[in-house]
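Undergrad: No sequence on hand, only this structure:
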């Protein structure tokens, strides 16, 4: 009898402790997570320095420091980006309030690294072509330094290089990149009744973040992908609102950054809507010129 009473007492104590743990977990899940200032700051800095700053550093530094048959400063920037970015994205996923699919995250990270590495090689050679007179606003076959190559089969090789650099490399890089952000965003919803407000540090990062993604979308020629992800995020917000959920502070920052990017893309396209030369290179309904093509056409020769 005493042993039975002890077991009953232990069972009651165990169930009480379990209820307390569950209640604490539920209470903590209803609280909005803190703003990930460290991760968003590091992502913004490395995007601007290692990606956007990559072609600029190659223009600024003297050519004698980096011979054409050796990696340039921009190539080393690209190598660092290919290592640091996956780590930061994995850290961001680890802080998701929702447990995300490990298989999906690992597949995205592996594909991203592979695509960015393909782009590293293609972009490195493309920079050397620029130093030899290659013009970005023209197609491969229309470039003066390419169209007179002998034998003519060499032009096909350069078109293959362009395909790896500007098409396959970009798709394998940017599709998993934005998918990880979307997967993270799906877990950024809370039932808290408190109004989530982006802190001052978030507002200071919002502009540079949106401006970088504008560069990524336009230069990477991935507006269709970005538009799809953005529409999916807005649809997710509308769907979750019906369940009484709203984006937490980090979800609001990500959504705000992408909204700013969309506005900048619209302004960019409107500004260059009637440019005949860029229209020729970027035909079709979704006309989104690349910034470096604009630089090659309108800015480079004006100095």
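TA: Cool, got the structure. Worth saying up front: this structure is predicted, and the values here are computed from it rather than measured. Residues are numbered from 1 along each chain as shown.
Undergrad: which residues of the stretch 51-200 of the chain fall in helices?
TA: With DSSP state H, counting those that start in this stretch, the ranges of helices along the stretch 51-200 of the chain come out as 53-60, 73-94, 102-131, 144-147, 153-162, 169-186, 200-219.
Undergrad: Let me know which of these is tucked in deepest.
TA: helix 169-186 (a mean of 21; mean count of other C-beta atoms under 10 Å). Where you see a C-beta, it was placed from the backbone N, CA and C, and this is true even at glycine.
Undergrad: what inclination does it have with respect to helix 200-219?
TA: Here the directions of helix 169-186 and helix 200-219 differ by 150 degrees (axes from the mean of the first three to the mean of the last three C-alpha atoms, to 10 degrees).
Undergrad: before we move on, the earlier item: right, so of the helices of the stretch 51-200 of the chain, which gets closest to residue 35?
TA: helix 200-219 (5.7 Å; C-beta to C-beta).
Undergrad: now for that closest one, which elements pack on it?
TA: helix 37-46, helix 223-242, helix 249-271, helix 291-294 (3 or more C-beta pairs under 8 Å, 6 or more residues apart in numbering; DSSP states H and E).
Undergrad: got the contact list for that helix?
TA: 35, 37, 40-41, 43-44, 47-48, 51-52, 174, 198, 222-223, 226, 249, 253, 256-261, 263-265, 268, 288-292 (C-beta atoms under 8 Å, 6 or more residues apart in numbering).
Undergrad: Those residues, buried ones only, as a PyMOL selection?
TA: Listed next is the PyMOL selection for buried residues among the contacts of helix 200-219, using 16 or more other C-beta atoms under 10 Å:
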select buried, resi 35+40+43+44+47+51+52+174+198+222+223+226+249+253+256+257+258+260+261+264+265+268+288+289+290+291+292
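Undergrad: Among the helices and strands packed on helix 200-219, show the one with the smallest mean pLDDT.
TA: Mean pLDDT is lowest for helix 291-294 out of those, coming in at a mean of 84.
Undergrad: Figure out which of the helices and strands packed on helix 200-219 is closest to residue 129.
TA: Of these, nearest to residue 129 by C-beta to C-beta is helix 291-294, at 12.8 Å.
Undergrad: Let me see the contact set for residue 137.
TA: The contact partners of residue 137, by C-beta under 8 Å, 6+ apart, come to 277, 278, 281, 293, 294, 296, 297.
Undergrad: need these in a markdown table with neighbour count, distance to residue 114 and secondary structure, can you?
TA: Below are the contacts of residue 137 laid out as a markdown table (neighbours: other C-beta atoms under 10 Å; distance: C-beta to C-beta, whole Å; DSSP: H, G, I helix; E, B strand; the rest coil):
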| residue | neighbour count | distance to residue 114 | secondary structure |
| --- | --- | --- | --- |
| 277 | 15 | 34 | helix |
| 278 | 19 | 31 | helix |
| 281 | 17 | 28 | helix |
| 293 | 21 | 26 | helix |
| 294 | 20 | 29 | helix |
| 296 | 17 | 28 | helix |
| 297 | 19 | 32 | helix |
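Undergrad: export the helices and strands packed on helix 200-219 to CSV and tack on distance to residue 91?
TA: Formatted as CSV, those follow (distance: least, C-beta to C-beta, whole Å):
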stretch, distance to residue 91
helix 37-46, 6
helix 223-242, 21
helix 249-271, 13
helix 291-294, 29
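Undergrad: Looking at those helices, spot the one closest to residue 56.
TA: helix 291-294 (10.5 Å).
Undergrad: elements contacting that closest one?
TA: helix 200-219, helix 276-281.
Undergrad: quick one: the first one to helix 53-60, angle?
TA: In this case it means helix 200-219. Using the same axes, to 10 degrees: helix 200-219 against helix 53-60 is 70 degrees.
Undergrad: Could you tell me the angle between helix 200-219 and helix 223-242?
TA: Using the same axes, to 10 degrees: helix 200-219 against helix 223-242 is 140 degrees.
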